[in-house]
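1. Here is my input; please provide its structure:
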Amino acid sequence: MTRTFLERLMASPMLADGAMGTVLHARGVSFDHSFDGQNLDHPELVRDIHRLYIASGAELIETNTFGANFYRLSKFGLEERVRDINLRGAKLARDAREIEGREVFVGGSMGPLGQALAPLGRLSLAEAESAYARQAEALVEGGVDLFLLETHAHPLELRSAVNAVRRVSADLPIVALLTFTGEGKTFTGHTPQEMVAALDDLPIDVLGANCSVGPQQMLDVLLAMASCTRRPLAAMPNAGLPGYRDGRFVYLSTPAYFGSYAARFLDAGVRLVGGCCGTTPEHIAAMAEELKRYRQHRSPSAQAPVLVQVSEPEPVRETSAGEPVSNFLTKLRRGFVVSVELDPPRGTNPEKLLQGAHRLAEAGVDAVNVADSPMARVRMACWAISALIARDVGVEVIMHFTCRDRNLMGLQSDLMGAYALGVRNIMAITGDPPALGDFKEATAVYDVDSIGLVQIIRALNSGVDFAKNAIGHPTELSIGVAVNPAADDWDRELDRLKQKIDAGAQFAFTQPLYELAVVERFVERMSGIRLPVCLGVLPLMSHRHAEFLHNEVPGITVPAPAREAMANAGKDGAQVGKELAIELLEQAGNLLQGAYLMPSFGRYDACVEIVRYLKDRNR
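-> Here you go, the predicted model:
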């Protein structure tokens, strides 16, 4: 290589390649397989695709390692092959360059880790940086000429990637590519100008955007970037928006249309152009022809780009009157409340559950909790049964809502839908993994955990989604969370509870407890934390039930005296279990602000009696 990448880039505008994944999929690699893993399984296929892009005019090719980090590879059981896949990816790109015999630069591609960073998710910055460093080491060993940190939306994650690269290599250039929605913001709500400012202190050599949108909308993003940075700019848009036909994603932008935007990007000050999802060697060849004409006949000031924006009017953001406070939360803050958990039906008939809700309402229950497919077993959607209870029974609902089954978009859509149907209380829960349930092969989403979910609800309550797009009228959702007073690692449990409170939690429900000493210790540890808490109580039904909960259900401890009492109860187990529950509630009644009853096996009778007892006691 006679020139460095930056020397070549400064000499004249430069063309990068297109989408490796798009061509791999077109060649028969399904989404069930790791595209990065093809470096090991089908190296000749990857090398041939690199050669096609070089033959189309690309002067920069990216290694087939976009998702070759520990976390993304773990989805395919390849987490221990990080070094092998990245090393081979770099070698295949270099081999293709050598075969074609042209001046082509090899960029080490590194995409997002595929897991949300704390506090939105569980991944710490140190863990993220370590994963990126491991990938970068293998790419350097493989001989890349530069790094392409692609498709980043979160400034903290990109910062960890840049820091990791600089730990491994002090001098290889870094191209950082951000991704934006059709509204011109990252999914975390940052504008191009805000992202440029957030990254200003990092050793990034080229800054730009890729993925998510087509060339027209990306041009607007690059113009915004150009107004606030002197760094060289890069643009690698998708080939428009995809459709799904015959089992494949099909992108609509033709090579001719895509190529026509090359000159518009150059007029906007972009130095490096290429393609992302949906772009093929034909798209890159069209851009190469446009760059050739541009170099011969045009200068950057020859023609200003014409911008055409097509978008629906954004909702006008309305501000809330203050902290959302539901009727349930008002009662909780003023006196002792009682709520009972209802599990949605396994099928399509909600009648038994609605009858149970009616009986609980008649007994004077303050609210009912509606679980969200607990233990990862398929049940009717929690928002649907919550809406039915609110409409047909009239009792207030606390809807449990997990992060397991919905991505970041689905979480927000379902929360807004539940609010429109009358739900006013949400219990933010991370959720049991699918491995516990009936469909062990199902994919868990977990874009966020319960702390991140609280942040999302708080954003909706302020009139915006998590990307800071206005939603019109704010939601008014009171936010509850779970806490386990009997957690083995109490320091961690307390730290997470404090994070939930900082994120916006307004009340908490405990895991089922059976011992006054545990409640007293919990109250002592909570000293100084102002948060109303309801005591979780799951009435025991039999000795077998007690042994099962104690020995087989994580997070539940049934003390020996209670198990012995249930063993001696014989056929009267349900009655004794009810008496033990009332006894604990009597002893702990002045320590916490409410009772959270959880009937087993859909047997509401015991809870109806406990509700009546507690309501009579507190009159």
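2. SS state for the closest residue to L148 other than its chain neighbours?
-> Nearest non-adjacent residue to L148, counting by Cβ to Cβ, 6 or more residues apart in numbering: G107, 4.3 Å away. Glycine gets a C-beta too; all of them are placed from N, C-alpha and C. Three-state call for G107 (DSSP: H, G, I helix; E, B strand; the rest coil): strand.
3. which residues does G107 bridge with?
-> In this entry, G107 is beta-bridged to E62, L146, by DSSP bridges.
4. domains for the protein, by residue range?
-> 5-297, 327-540+592-617 (automatic domain parsing).
5. Redo those domains as TSV? Include distance to Q575.
-> Formatted as TSV, the domains of the chain follow (distance: least, Cβ to Cβ, whole Å):
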stretch	distance to Q575
domain 5-297	43
domain 327-540+592-617	8
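6. Pull the residues that contact stretch 602-619.
-> For stretch 602-619, the external contacting residues (Cβ atoms under 8 Å, 6 or more residues apart in numbering) are 335-336, 338, 340, 343, 352-353, 356, 359-360, 363-365, 537, 539, 541, 574, 577-578, 581-582, 585, 589, 595, 597, 599.
7. Hmm, T280 and P255 touching each other?
-> Yes - the criterion here is Cβ atoms under 8 Å, and P255 meets it with T280 at 7.5 Å.
8. Tell me which residues touch the residue lying closest to L494 once chain neighbours are set aside, please.
-> Nearest-residue entry for L494: R525, 6.4 Å, with adjacent residues in sequence omitted and distances by Cβ to Cβ, 6+ apart. Residues near R525 by Cβ under 8 Å, 6+ apart: P485, W490, L494.
9. Show the pLDDT at the last one.
-> On pLDDT, L494 comes in at 93.
10. Next, it: secondary structure please.
-> L494 is classified as helix under three-state DSSP.
11. following the helix or strand where K500 lies, which helix or strand comes up?
-> Following DSSP states H and E, the helix or strand that holds K500 is helix 490-503. Downstream of helix 490-503, the first helix or strand assigned by DSSP H and E is strand 507-512.
12. can you list contacts of that next one?
-> Outside strand 507-512, the residues that reach it (Cβ under 8 Å, 6+ apart) are 329, 332, 339, 369, 427, 478-486, 497, 500, 522, 531-538, 549, 555-556, 592, 596, 598.
13. Out of the helices and strands in this structure, which is least certain?
-> strand 242-245 (a mean of 63; mean pLDDT, DSSP states H and E).
14. number of nearby residues for V518?
-> 17 (other Cβ atoms under 10 Å).
15. Can you tell me the SS state at it?
-> helix.
16. That one: what's it in contact with?
-> P485, A486, T557.
17. ok, the most centrally placed residue in the chain to R404 distance?
-> Most central in the chain under Cα atoms, centre = their mean is D447, positioned 1.8 Å from the mean C-alpha point. Noted for D447: a distance of 10 Å to R404, by Cβ to Cβ, to the nearest Å.
18. Just the pLDDT at the residue nearest to the centre of the chain, thanks.
-> As predicted, D447 sits at a pLDDT of 86.
19. Same question for the one 3 residues further on.
-> Reported pLDDT at S450 in the predicted model: 94.
20. do P305 as well
-> P305 is assigned 41 on the pLDDT scale.
21. again, but for R51
-> In this prediction R51 is given a pLDDT of 98.
22. Would you confirm that it contacts E98?
-> No - applying Cβ under 8 Å as the test, R51 and E98 come out as separate, 10.4 Å apart.
23. Between the two, which has more neighbouring residues?
-> R51 (18 against 10).
24. Can you tell me the closest non-neighbouring residue to that one?
-> Closest to R51 by Cβ to Cβ, 6+ apart is A96, at 4.7 Å.
25. Give me the number of neighbouring residues for the one you found.
-> For A96, using other Cβ under 10 Å, the count is 22.
26. Spit out the contact partners of it.
-> R47, D48, H50, R51, I54, I61.
27. got the contact list for G452?
-> So G452 contacts A116, P119, L120, G121, C403, A503 (Cβ under 8 Å, 6+ apart).
28. Go through the strand or helix carrying it and flag the buried ones.
-> Assigned by DSSP H and E, G452 belongs to helix 450-461. Of all the residues in helix 450-461, those buried under the rule 16 or more other Cβ atoms under 10 Å are S450, I451, G452, L453, V454, Q455, I456, I457, R458, A459, L460, N461.
29. so what pLDDT did the closest residue to the fifth one other than its chain neighbours get?
-> Okay, so that is V454. Leaving aside its sequence neighbours, V454 sits nearest to A503 (Cβ to Cβ, 6+ apart; 4.0 Å). Per-residue confidence (pLDDT) for A503: 94.
30. Ok, K468 next?
-> Turning to K468, the model gives it a pLDDT of 81.
31. Could you find the closest non-adjacent residue to it?
-> Closest to K468 by Cβ to Cβ, 6+ apart is G189, at 3.1 Å.
32. give me every residue that touches that neighbour.
-> Going by Cβ under 8 Å, 6+ apart, G189 touches V464, F466, A467, K468, N469.
33. Can you select the buried ones from these in PyMOL?
-> To isolate the buried ones among the contacts of G189 in PyMOL, judged by 16+ other Cβ under 10 Å, type:
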select buried, resi 464+466+467+468+469
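34. Now for the contacts of G189: which two are most distant?
-> F466 and N469 (8.7 Å; Cβ to Cβ).
35. now do the same end-to-end measure for stretch 354-372.
-> 16 Å (Cα to Cα, to the nearest Å).
36. Next, the buried residues of it.
-> 354, 356-357, 359-361, 363-372.
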